[in-house]
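Enquirer: my questions are about this predicted structure, shown below with the sequence.
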Amino acid sequence: MTAVADARVTGRARGSSRDLTGTGTLLRLALRRDRIMMPVWVLCLGLTASSTVTRLDSAYDTPARRSQLVQDMNGNGATRALFGTAFGDSLGALTVWRVGAFLAVFAAIMSLLIVIRHTREEEETGRQEALSSCVVGRRAGLTAALLTVAIANAAVTLLIAGGLAGQGGSGAVALGLAVGLSGMAFGGLAAVAAQLTESARLARGLSSAAVGVAFVLRMAGDAAEDGSKGSGHLLVWLSPLGWAEYARPFAAERWWPLLLIAVLAAASISLAYTLAGRRDVGASFYATRPGPPAAGPFLRGVFGLAWRLQRGALAGWAAGFVFAGALFGAISDGADGFLGDSDQTREIIERMGGAQGLNDAFLAAMVGVLGTILTVYTAGSVLRLRSEETEQRAEPLLSNAVSRVRWAASHLVIAYLGPVAVLAVGGLALGLGYGLAAGDVGGALPRVLGAALSQTPAVWLITSLTVLIVGALPTYSAAAWGLVGWVAALGWMGPALKVPQSVMNTSPFSHLPKLPGAHVTAAPYLWMVLLSAVLTAGGLVALRRRDIGG
């Protein structure tokens, strides 16, 4: 019996080692494929913290000014919702307050994109099956993806810790670990999503939704309670991003919340490994259900097919914007009650949303946040064209009496009209939430709805740039995500970091009037719509002239 037991243990050990065969080769392949994207992410995240210290030091150069800033910011739920709670008035603590939450969010986004690219996307395109026919273990691809993410997050951790070491070694390490571990935790959740679904698009959607829920929970909790005066709000404790915040870097660090993030990362990675061993390559635990034997009247033709493929994502984004809009609207009323005579507070709010009064400025800032976030949806909607090509589903359609322009238009109609619908429902929720809080639904609702819809031309411009990339440079279609990340980073962190206006102007959202409250001119809207039309036409012309799948 002992010999049999030993044989079983030895067999399991050999099986485990065989599952990892080829990991090193796949890791080198992943690093080579990400040799541009990953260093850009790492450098942007790692250098943001150190550059923030310099800007804060010049803007708030005395302890009195920094102390007043902390008092003003922690005294209002609206600004706590945006940036979180400030736990100290040192340069290090203010750096954490300004960019800590955003660094954790972007590390999470970087991680989920890398993991899904090298797991579910490899299976969806058939490359993983081809590799598996060689000497490659069944868990080698997952392991290589997670090691790639671990290397990226380790580099981010070291850059942040090294850049802020002058402000305090323990605080710098705490912030670096908070950001790096957050990236690993959401990378692990993305690995789980890759096992559950058979579509890379759906896996990215589920992972991004997890990041969004965590961020909204953190915002809601911080808006409701000043975490510096107690143990913190329950909603913040329900969010992994809240754990990173409550580690309190540079303010009497608490290390055990970082352990919670590490436990989440380890648990999600362990679950992903378990699920990976219980399915076939290319399969998933929640496979797509077979459709009806005959298509309905609304699902016939290429436009019906595109609607069928994209309606789920559109519904999910609309639901998310309703929730976020209602939350933002409810905390917007009373933003001007705490201002007093603080010039530095007024400067921050005005840079974010304009000089038309703090309530309107905060609403304008929230509208801008919703607009920049929506570029993620529009880019993904356009990139669906490229995925249809690479997955060889476009050629059968185009072999029939379907032109390339008509096929592309079926997806672009949704990519352009979908954001209008999402902004409309988000604006309605935002206006209703603010109107109920302020006791003036009739006056607030149309103003806020108009402000939300005013973001449409800027969103369309990002959409058109993505169309041009897909049409003219299909091999570099992933660059569209870099464009989205740049616009989101400027919109979220640019005003707080006092980024020069010349840099801010590289985002189309910087050229729009800050509504509600600002003076409206038609010129920026007309120019953006015109430029969007030109870029879209250029992308469609390029698509007609190149090889499909090339």
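Expert: Received the coordinates, thanks.
Enquirer: so what's residue 529 closest to, chain neighbours aside?
Expert: In this structure, residue 529 finds its nearest non-sequential neighbour in residue 457, 5.4 Å apart by Cβ to Cβ, 6 or more residues apart in numbering. Every residue, glycine included, has its C-beta placed from N, CA and C.
Enquirer: so what secondary structure elements neighbour the host helix or strand of residue 381?
Expert: Here residue 381, judged by DSSP states H and E, is contained in helix 358-390. Applying 3 or more Cβ pairs under 8 Å, 6 or more residues apart in numbering; DSSP states H and E, we find helix 358-390 packed against helix 77-83, helix 200-224, helix 301-332, helix 343-353, helix 404-438, helix 441-453, helix 456-472, helix 479-497.
Enquirer: what average pLDDT does it get?
Expert: Throughout helix 358-390, pLDDT has a mean value of 85.
Enquirer: hmm, back to that, of all the helices and strands packed on helix 358-390, which lies closest to residue 66?
Expert: helix 343-353 (9.4 Å; Cβ to Cβ).
Enquirer: so for the closest one, what's the average pLDDT?
Expert: pLDDT averaged over helix 343-353 gives 57.
Enquirer: may I see the buried residues of the helix or strand following the helix holding residue 381?
Expert: Sequence-wise, the next helix or strand downstream of helix 358-390 (DSSP H and E) is helix 394-398. By neighbour count with 16 or more other Cβ atoms under 10 Å, helix 394-398 contains the buried residues 394, 397.
Enquirer: next: stretch 246-260.
Expert: 246-251, 253, 257-258, 260.
Enquirer: among the helices and strands packed on helix 358-390, which comes closest to residue 519?
Expert: helix 441-453 (13.1 Å).
Enquirer: returning to that earlier point: got the angle for the helix holding residue 381 vs helix 479-497?
Expert: Relative orientation of helix 358-390 and helix 479-497, computed by axes from the mean of the first three to the mean of the last three Cα atoms, to 10 degrees: 160 degrees.
Enquirer: can you classify residue 281 by secondary structure?
Expert: coil (DSSP: H, G, I helix; E, B strand; the rest coil).
Enquirer: gap between it and residue 72?
Expert: Counting by Cβ to Cβ, to the nearest Å, the gap from residue 281 to residue 72 is 56 Å.
Enquirer: these two: which is more packed in?
Expert: It is residue 72, of residue 281 and residue 72, that has more neighbours when counted by other Cβ atoms under 10 Å, with 20 against 17.
Enquirer: helix or strand: which one has the residue most central in space within the chain?
Expert: In the chain, the C-alpha nearest the mean C-alpha coordinate belongs to residue 109, at 5.0 Å (Cα atoms, centre = their mean). For residue 109, the host element (DSSP H and E) is helix 101-118.
Enquirer: ok, then the element right after that helix?
Expert: helix 120-124.
Enquirer: that following helix packs against which elements?
Expert: For helix 120-124, the elements it packs on are helix 127-132, helix 200-224, judged by 3+ Cβ pairs under 8 Å, 6+ apart.
Enquirer: and the longest one with helix 301-332, angle?
Expert: In other words, helix 200-224. 10 degrees.
Enquirer: can you give me how far helix 200-224 is from the chain middle?
Expert: Relative to the chain's own centre, helix 200-224 is displaced by 9 Å; criterion: Cα atoms, centre = their mean, to the nearest Å.
Enquirer: mind listing residues that contact stretch 28-35?
Expert: 38, 114, 117-118, 144-145, 148, 151 (Cβ atoms under 8 Å, 6 or more residues apart in numbering).
Enquirer: so which of those is the closest to residue 469?
Expert: Looking across the contacts of stretch 28-35 and measuring by Cβ to Cβ, the closest to residue 469 is residue 117, at 17.0 Å.
Enquirer: pLDDT below threshold where in the stretch 51-200 of the chain?
Expert: In the predicted model of the stretch 51-200 of the chain, residues 76, 78, 128-129, 132-133 satisfy pLDDT under 70.
Enquirer: quick one: residue 499 and residue 490 touch, right?
Expert: Yes. Using Cβ atoms under 8 Å as the test, residue 499 is close enough to residue 490 to be in contact (6.7 Å).
Enquirer: ok, back up a step: send the alpha carbons of the helix holding residue 109 over as CSV?
Expert: Taking Å, rounded to 0.1, in the frame of the first residue of the first chain, the C-alpha atoms of helix 101-118 are listed here in CSV:
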residue,chain,number,x,y,z
ALA,A,101,-6.1,55.4,-6.4
PHE,A,102,-5.6,56.1,-10.1
LEU,A,103,-2.2,54.2,-10.1
ALA,A,104,-3.9,51.2,-8.7
VAL,A,105,-6.7,51.3,-11.3
PHE,A,106,-4.3,51.6,-14.2
ALA,A,107,-2.1,48.8,-12.8
ALA,A,108,-5.3,46.7,-12.7
ILE,A,109,-6.2,47.6,-16.3
MET,A,110,-2.6,46.9,-17.5
SER,A,111,-2.7,43.5,-15.8
LEU,A,112,-6.0,42.3,-17.1
LEU,A,113,-5.1,43.3,-20.6
ILE,A,114,-1.9,41.3,-20.5
VAL,A,115,-3.4,38.2,-18.9
ILE,A,116,-6.3,38.0,-21.3
ARG,A,117,-4.1,38.7,-24.3
HIS,A,118,-1.8,35.7,-23.5
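Enquirer: next, the angle from that helix to helix 358-390.
Expert: 10 degrees.
Enquirer: closest one to residue 484 among the helices and strands packed on helix 120-124?
Expert: Of the helices and strands packed on helix 120-124, nearest to residue 484 by Cβ to Cβ is helix 200-224, at 11.6 Å.
Enquirer: name the helices or strands packed onto the closest one?
Expert: Packed against helix 200-224 by the contact rule (3+ Cβ pairs under 8 Å, 6+ apart) you find helix 77-83, helix 101-118, helix 120-124, helix 169-196, helix 234-237, helix 240-246, helix 301-332, helix 358-390.
Enquirer: picking up where we left off before, state the distance from the residue nearest to the centre of the chain to residue 485.
Expert: 7 Å.
Enquirer: equivalent analysis for residue 457, please.
Expert: Distance from residue 457 to residue 485, by Cβ to Cβ: 20 Å.
Enquirer: can you check residue 330 too?
Expert: Counting by Cβ to Cβ, the gap from residue 330 to residue 485 is 29 Å.
Enquirer: residue 493 now?
Expert: 11 Å.
Enquirer: on that earlier part again, residue 330 and residue 485: who's more crowded?
Expert: residue 485 (21 against 18).
Enquirer: contacting residues around the more buried one?
Expert: Counting by Cβ under 8 Å, 6+ apart, residue 485 has contacts 41, 106, 109.
Enquirer: including distance to residue 359, could those go into TSV?
Expert: Formatted as TSV, the contacts of residue 485 follow (distance: Cβ to Cβ, whole Å):
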residue	distance to residue 359
41	36
106	29
109	30
